[in-house]
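[1] Sequence and predicted structure, then a few things I'm wondering about:
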Amino acid sequence: MNFDTVRPEPVEGQGKPRGGFDRLSPNGGVLVFAWGNASRGDDALGPLLVERLRALALPGVECLDDYQLQPEHALDLLGRERVLFVDASLACAAPFEATPLTPQRDASFSSHAMSPAALLQAFVDVHGRTPPPATLLAIRGERFELGEPLSEAARLNLEAALRWALHFLR
Amino acid sequence: MTDALETAANAAGLRRVAIDPVSRVEGHGKVTILLDDANRVQQVRLHIVEFRGFEKFIEGRPYWEVPVMVQRLCGICPVSHHLAASKAMDRVIGAHPAPPSATKIRRLMHYGQVLQSHALHFFHLSSPDLLFGFDSEVQQRNIVGVIAKHPDIAKKGVLLRKFGQEVIRVTAGKRVHGTGSIPGGMNRHVSREDRDMLQRDIAQTLAWAEDAVAIAKQLHAANRELYDAFGSFRSKMLSLVRPDGALELYDGVLRARDESGAILVDGAADQGYRGLIEEETKPWTYMKFPHLRALGREAGWYRVGPLARVQNCDFIATPRAEAARREFLAWGGGAPVHATLAYHWARMIEVLHCAEVIEELLADPEILAGELTSAGTRTGHGVGIIEAPRGTLIHDYDVGEDDLVIRCNLIVSTTHNNQAMNEAVRQVARQYLDGHEITEGLLNRIEVAIRAYDPCLSCATHALGRMPLDVTLLDAAGGVLDQVLKSADGSLVR
């Protein structure tokens, strides 16, 4: 199979490879993976946190983000020491909640997005092995309308979550 | 039929079910089933998503920004919006057609997008629970058996998606928030290095795509009675086709067939879609109900997407997918296939077609060199229609002399399928509702029917803590008989 020959995609501002079937080879280090839509108000919380972390260029930490979590992201988890997932949440208490994750099969009626626990299950299905230790950082958001800016409450939650993430990644 | 579907005969005596603001904004699925005095299913309404705000999000923006920013409308099909907007803006600035190189690179991007999107369903076939709920009956064990014979479905599905995303990356510039397509053409060629990289994997992609078609066919054969009958109903079908009648996903003319497969409309130009399609609003949902204008609201609704496309066309211009299409048509015995679950089979045929088209385009030297943009006399108006993974996607813009978008109208695939999804859920409710309780079996089947169409959801729906399915059963007087909320983790709240 030639699928491990695909050239990796450079990550803007980070100089690290991204994407491609080279993800069948171990990646290494710690992965911070966020998802969300920057044009939907507080849905931008995850990508904004990753943007802040990426700017710090923490050694041994790779930062990725996407619109939504999907099964192919299981390839990004391979070989990681641990993984920190980051998303906006309407369910958690402010300012954020951090929860360890275990694989769980998704029962959604939609294929439009996966939960991080379902992604860990996809990792098991695809790679046939236990996924790396994973933690979900859920940052409380309030408003998700198209075209809205980040709310003030979410901005404060983001700062608190960033402080926690820096401690977690230390 | 339409009235029976949406408006109960004694509607005045029924309680109107309000859509609460959270469901509008966050796109959780809501199904309301109304019974008549004899406890028969009288009315079913599927409330999904809001698309309000899309047009306002775009109006007032400079036209050249639009192909990039519309990708924010959908986290699943950003490339479809990117290209539909680009095609419309080609017309706005009088740069139609885009040069051959630009058109071929855009086409490559689009077929990569459809392949990767459809491959998601291939991946999900790995979980029979997702295909057919958690209460698999004896008759469904055959389906589980088919899937068990293909333990590597999940891995193939993931790698096919990855290949499609690589196609997008090398054409759009980035896998996410691509900027490759611009009004008038493209801003980049495919590099020789990237082309070579994709060519190394295309043979494997084709082989896996053929596997996908075979598995979909085996699933249908494993339980024909179930697959043919589940949520099945007759409908008209609409899609783009190539002017010569071939399957076409990037650019073409509009064709509609009636329930028996006879052509109703053919060769309709994309720029005149408003003469063909009318959109109706209803008080109970923000989603519009498009229909063929000439046939009116009652008779003019239709289905879009893979099931419509593979049957609307006269042929597929790539040999392996054409062979698969013929097998699919043979399944219908000369009559159109209307089964809701046949969407999955049709999707896999399109995966194969996409892989074949990508192979052809990768061998075309014009993706590596040639003019990238056209120029012409500005018209200020343009329509771009594309066949997105879930069906026909329409972008329609007016742009002022100051370069700002004055008016915008979008009809997304899920809106076209709105009536059809309601009908599919109603069929399932009629078939499986027993008594006054929403059983887990009924809930699962409703989910299966919705999932076959894979409706677009608001991009905010993934925010943690949202995306439940809410099914409510009402009696003839509007009283709640039962209500179940099911979360994505499978937990039920009654």
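    Looks like it arrived, so ask away.
[2] Just the element for residue B:485, please.
    Residue B:485 is part of strand B:480-486, with elements assigned from DSSP states H and E.
[3] Would you tell me what the next helix or strand after that strand is?
    Following strand B:480-486 toward the C-terminus (DSSP H and E): strand B:492-493.
[4] and the residue most central in space within chain B, what does it touch?
    When CA atoms, centre = their mean is applied to chain B, the residue found nearest the centroid is residue B:390 (1.2 Å). Residue B:390 sits next to B:77, B:304, B:305, B:413, B:414, B:417, B:453, B:454, B:455, B:456 when contact means CB atoms under 8 Å, 6 or more residues apart in numbering or on different chains. The C-beta positions use only the backbone N, C-alpha and C, and glycine is treated the same way.
[5] Now it, what are its backbone angles?
    phi -90, psi 0 (degrees, to the nearest 10).
[6] The most centrally placed residue in chain A: what secondary structure?
    Nearest to the geometric centre of chain A sits residue A:33, at 2.0 Å (CA atoms, centre = their mean). Following DSSP: H, G, I helix; E, B strand; the rest coil, the label given to residue A:33 is strand.
[7] Where does residue B:239 fall, secondary structure wise?
    Per DSSP H and E: strand B:236-241 holds residue B:239.
[8] just how off-centre is that strand within its chain?
    When distances are taken as CA atoms, centre = their mean, to the nearest Å, strand B:236-241 is centred 12 Å away from the chain's centroid.
[9] Just the mean pLDDT for stretch B:368-381, thanks.
    Predicted confidence along stretch B:368-381 averages 97 (mean pLDDT).
[10] cool, stretch B:182-198 as well?
    Mean per-residue pLDDT for stretch B:182-198: 97.
[11] Can you give me the end-to-end span of that stretch?
    Taking CA to CA, to the nearest Å, stretch B:182-198 runs 23 Å from one end to the other.
[12] May I see the buried residues of that stretch?
    B:182, B:183, B:184, B:185, B:186, B:188, B:189, B:190, B:194, B:195, B:197, B:198 (16 or more other CB atoms under 10 Å in any protein chain shown).
[13] So stretch A:148-159, near chain B or not?
    No - remark: stretch A:148-159 sits outside contact range of chain B, by CB under 8 Å from any CB of the partner chain, the gap being at least 9.6 Å.
[14] and residue B:339, what does it touch?
    Residues in contact with residue B:339 (CB under 8 Å, 6+ apart) are B:227, B:228, B:229, B:230, B:231, B:232.
[15] Could you double-check that the fourth one sits in contact with residue B:449?
    Pointing back at residue B:230 there. Yes - with contact defined as CB atoms under 8 Å, residue B:230 and residue B:449 form a contacting pair (7.5 Å).
[16] Between those two, which contacts overlap?
    Common neighbours of residue B:230 and residue B:449, counting by CB under 8 Å, 6+ apart, are B:340, B:428.
[17] how about the residues of the stretch 151-300 of chain B that lie near chain A?
    Applying CB under 8 Å from any CB, we find that the stretch 151-300 of chain B lies next to chain A at B:154-155, B:157-159, B:161-163, B:165-166, B:169, B:174-176, B:193-194, B:197, B:200-201, B:204.
[18] mind running it again at 10 Å?
    Residues of the stretch 151-300 of chain B lying near chain A by CB under 10 Å from any CB of the partner chain: B:151-166, B:168-170, B:173-177, B:191, B:193-194, B:196-205.
[19] Turn the buried ones among those residues into a named ChimeraX selection, would you?
    For the buried members of those, the matching ChimeraX selection, counting by 16+ other CB under 10 Å, is:
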select /B:153,154,155,156,157,158,159,160,161,162,163,164,165,166,168,169,170,173,174,175,176,177,194,197,198,201,202,204,205
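[20] what about stretch A:156-169, average pLDDT?
    So the average pLDDT for stretch A:156-169 ends up being 97.
[21] in the strand holding residue B:485, what counts as buried?
    Neighbour-count burial for strand B:480-486, with 16+ other CB under 10 Å as criterion, is recorded at B:481, B:482, B:484, B:485, B:486.
[22] closest to chain A among those residues?
    Nearest to chain A out of the buried residues of strand B:480-486 is residue B:486 (CB to the nearest CB; 7.3 Å).
[23] so where is chain A shaky, pLDDT-wise?
    Residues of chain A meeting the criterion pLDDT under 70: A:1-26, A:107-112.
[24] Now name the helix or strand holding the closest residue to chain B within it.
    Residue nearest to chain B within chain A: residue A:91 (2.5 Å; CB to the nearest CB). Taking DSSP H and E as the definition, one finds residue A:91 inside no helix or strand.
[25] from what I can see it touches residue A:136, true?
    No - with contacts counted by CB atoms under 10 Å, residue A:91 stays clear of residue A:136, the gap being 11.2 Å.
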